[in-house]
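**Student:** Requesting a structural model of the entry that follows:
(one chain, ligands or ions: 2)
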Amino acid sequence: MQSFFGNNRRESPKPVKAQIRGEIPKWLQGTLIRNGPGMHKIGDTVYNHWFDGMALLHSFTFKDGEIFYRSKYLRSDTYRSNMEANRIVVSEFGTMAYPDPCKNIFAKAFSYLSHTIPDFTDNCLINIIRCGEDLYASTETNYIRKIDLETLETNEKVDYRKYVALNLATSHPHYDTNGNTYNMGTSIGDKGKTKYQIIKIPQSKPGDKEHACFTNCEVICSIPSRSLLRPSYFHSFGMTENYIVFIEQPFKLDILKLATAYFRGVNWASCLGWYPNDKTYIHLIDRETKKILSTKYYTDALVVYHHVNAYEEDGHVIFDIVAYNDNSLYDMFYLKILKLDDAAFEKQGKTFSSPSCRRFVIPLQHDKNVELGTNIVTLENTTASALKEKDGYVYCKPEILFEGIELPRINYDYNGKKYRYIYASKVQWRPVPTKIIKCDILTKTCYEWREDHCWPAEPVFVRAPEAKEEDDGVLLSSIVSSDPKTSSFLLVLDAKTFKELGRASVTADIHLDLHGLFIPEK
Ligand SMILES: CC1=C(/C=C/C(C)=C/C=C/C(C)=C/C=O)C(C)(C)CCC1
Ligand SMILES: [Fe+2]
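**Tutor:** Ligands and ions are numbered 1, 2, ... in the order given. Prediction:
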């Protein structure tokens, strides 16, 4: 494990031809592009947390039976400043940095204070997002960075704040079939109010001016935060045909802590707080009326990063999420924890809650005369319930679908629709997955893939051209090998049978990453 996390990765900006074993389907033409942290040491300085590392983009291009690998560090302003200073000068999630040691730290802190919300990093290390034809590297701040799919070069920085009131935005947007992108974020203190904003970024049209999609960006709905100074933290959201699903969880960002973090010399991560005695509120936003449903749906305290999918069936909204019983996940990714060997990890005493995939079933309507305490879910084949309570409250209890899965992906053609399969990483009590898994929600059965010394990334589903069934296609996962004798490789599985179709080995320094996209050849 050790070498995975500490070492800086060498970029391979020139295409490296892969060695192919097995049969890669001829129809698979395009590029799998992914993102994740690749550098945790700059000069004599070291980041504390895995999510702090400099964004390293990498791609596998499938072209006429050949596969080429490339990787390149995102040339963010953060990257450039760090390289120039040969040390960490920009604060990241788990590491606080001071721009210039010669300047008075306190003067700096006060200038930040007067702006309330500090300027955040543009080290966009989490995902790749699409706005029309354009691709961007994303993180959770107000910045995204345009990138070139072929060369992986970094282009302009987009600041959401120039177009809409957003200080933070997720790195997991949704897309509709008309080419529009939807995202959610948090606006802090604008007009004295803290609110969550759902935005629609329209598809850019040929001949549009630069950034037209952002200038035409529209706020679909603003949801007031329950607490002005402590909005919930969120990493993704759900979208059905008619509703947006937003979970306001008791894992919250403390604005006062955020505004004073520089002054106090603490990292951003310490501004997140877990309130296990609070409820988790489930908001459904009607995409047509742009209003929140008035019923107060809630569940027990939980922490969710990834929504899997959401859809409507017989007057219910069904949504599946990967959830935890506490906020310990982010603690697990401190490098000092990741570098522990198994024995030391077990000994250090801290326990980390393990993820489960939970299904919530939300009845959109119910008979007003029904007795309090009644389960108003009328859908069959689920143990998820929703108990009517007084004052318009409905208490939702999930059905546990699967244990120990993270980084869920689906056939995105089925996003917002009734679906059957989840592709994911299988995790146990260690943060780094060793298996990929296909979960069948209908039969509750799973297929798994694993191999010794192999560390698989989030699996990405690509549909076959003449696909009839949901799982007609392939699953792509970049696999980091910890065996010095074997190279890392891209694995291609038949998504239906979970049998290996082929693999493409690359002699390059492939890193463990987070998320990505497959962009088919036009
Ligand atoms: C910089 C910064 C943030 C960064 C958060 C990051 C980088 C989160 C990464 C999460 C991942 C990778 C989750 C995977 O499941 C905050 C806390 C939003 C707010 C303050 C500034
Ligand atoms: Fe994520």
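
**Student:** downstream neighbour of the worst-scoring helix or strand of the chain on mean pLDDT in the secondary structure list?
**Tutor:** The helix or strand of the chain with the lowest confidence, counting by mean pLDDT, DSSP states H and E, is helix 105-114 at a mean of 48. Tracing the chain C-terminally past helix 105-114 and defining elements by DSSP states H and E, one meets strand 127-131 next.

**Student:** partner strands of that following strand, parallel or antiparallel?
**Tutor:** strand 134-138 (antiparallel) (DSSP bridges).

**Student:** C-terminal to the strand it pairs with, what's the next element?
**Tutor:** Following strand 134-138 in sequence order, the next helix or strand is strand 143-147 (DSSP H and E).

**Student:** which parts of the helix or strand just after that next one are buried?
**Tutor:** As assigned by DSSP H and E, the chain's next helix or strand after strand 143-147 is strand 154-159. Within strand 154-159, the residues that count as buried by 16 or more other Cβ atoms under 10 Å are Thr154, Val158. Glycine gets a C-beta too; all of them are placed from N, C-alpha and C.

**Student:** how far is strand 154-159 from where the chain is centred?
**Tutor:** With Cα atoms, centre = their mean, to the nearest Å as the basis, strand 154-159 stands 20 Å off its chain's centre.

**Student:** pLDDT of it, averaged?
**Tutor:** For strand 154-159, mean pLDDT is 96.

**Student:** what's the angle between that strand and strand 143-147?
**Tutor:** Here strand 154-159 runs at 160 degrees with respect to strand 143-147, directions being taken by axes from the mean of the first three to the mean of the last three Cα atoms, to 10 degrees.

**Student:** how many other residues sit next to Asp391?
**Tutor:** When neighbours are defined as other Cβ atoms under 10 Å, Asp391 has 5 of them.

**Student:** Quick one: the helices in this structure, in order.
**Tutor:** Along the chain, counting by DSSP state H, helices occupy 2-6, 77-85, 105-114, 212-215, 255-264, 328-332, 335-338, 342-347.

**Student:** Which one, of the ones you listed, ends up nearest to Tyr281?
**Tutor:** Nearest to Tyr281 among the helices of the chain is helix 255-264; the distance by Cβ to Cβ comes to 18.7 Å.

**Student:** So which bits of the closest one are buried?
**Tutor:** Taking 16+ other Cβ under 10 Å as the basis for neighbour counts, the residues of helix 255-264 that come out buried are Ile255, Lys257, Leu258, Ala259, Thr260, Ala261, Tyr262.

**Student:** Packing partners of it?
**Tutor:** For helix 255-264, the packing partners by 3 or more Cβ pairs under 8 Å, 6 or more residues apart in numbering; DSSP states H and E come out as helix 105-114.

**Student:** related to what we said a few turns ago, which one of the buried residues of helix 255-264 is nearest to Ser225?
**Tutor:** Of all these, the one sitting nearest Ser225 is Ile255; the distance, using Cβ to Cβ, is 9.7 Å.

**Student:** which stretches of the stretch 51-200 of the chain have low pLDDT?
**Tutor:** In the predicted model, the stretch 51-200 of the chain carries pLDDT under 70 at residues 100-115.

**Student:** For it, what lies in contact range of ligand 1?
**Tutor:** Those residues of the stretch 51-200 of the chain that sit near ligand 1, judged by Cβ under 6 Å from any ligand atom, are Phe51, Glu92, Phe93, Phe120, Thr121, Ile126, Thr139, Glu140, Thr141, Leu168.

**Student:** Throw the residues you listed into a markdown table and include neighbour count and distance to Thr378, thanks.
**Tutor:** Formatted as a markdown table, the entries for those read as follows, by neighbours: other Cβ atoms under 10 Å; distance: Cβ to Cβ, whole Å:
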| residue | neighbour count | distance to Thr378 |
| --- | --- | --- |
| Phe51 | 23 | 42 |
| Glu92 | 26 | 47 |
| Phe93 | 24 | 43 |
| Phe120 | 20 | 45 |
| Thr121 | 24 | 47 |
| Ile126 | 22 | 39 |
| Thr139 | 29 | 41 |
| Glu140 | 24 | 38 |
| Thr141 | 25 | 43 |
| Leu168 | 23 | 38 |
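
**Student:** Let me know how buried the residue in the stretch 151-300 of the chain positioned nearest to ligand 1 is, in neighbour terms.
**Tutor:** Closest to ligand 1 within the stretch 151-300 of the chain is Trp268: 3.9 Å, counting by Cβ to the nearest ligand atom. Trp268 has 24 neighbouring residues, counting by other Cβ under 10 Å.

**Student:** That one and Leu258 touch, don't they?
**Tutor:** Yes - applying Cβ atoms under 8 Å, one finds Trp268 in contact with Leu258, separated by 7.0 Å.

**Student:** What distance do you get for the closest residue to Pro250 other than its chain neighbours to Lys200?
**Tutor:** Ranked by Cβ to Cβ, 6 or more residues apart in numbering and with sequence neighbours excluded, the top spatial neighbour of Pro250 is Asp278, at 3.6 Å. Taken as Cβ to Cβ, to the nearest Å, the spacing of Asp278 relative to Lys200 amounts to 30 Å.

**Student:** same deal with Glu133?
**Tutor:** Taking Cβ to Cβ as the criterion, Glu133 is separated from Lys200 by 17 Å.

**Student:** Between the two, tell me which one has more neighbours.
**Tutor:** Here Glu133 and Lys200 are set side by side on neighbour count (other Cβ under 10 Å), and the busier one is Lys200, at 18 against 13.

**Student:** Quick check: that one touching Asn178?
**Tutor:** No - distance between Lys200 and Asn178: 10.5 Å, which falls outside the contact criterion (Cβ under 8 Å).

**Student:** which residues touch Ser294?
**Tutor:** Gly392 (Cβ atoms under 8 Å, 6 or more residues apart in numbering).

**Student:** Out of the residues of the stretch 51-200 of the chain next to ligand 1, flag the one nearest to Val322.
**Tutor:** Proximity of these to Val322 (Cβ to Cβ) peaks at Ile126, which lies at 15.7 Å.

**Student:** Look up phi and psi at the closest one.
**Tutor:** Reported as degrees, to the nearest 10, the phi and psi values for Ile126 are phi -90, psi -50.

**Student:** Next, the contact list for it, please.
**Tutor:** Asn35, Gly36, Phe51, Ser138, Thr139, Glu140, Ser171, Leu514, His515.
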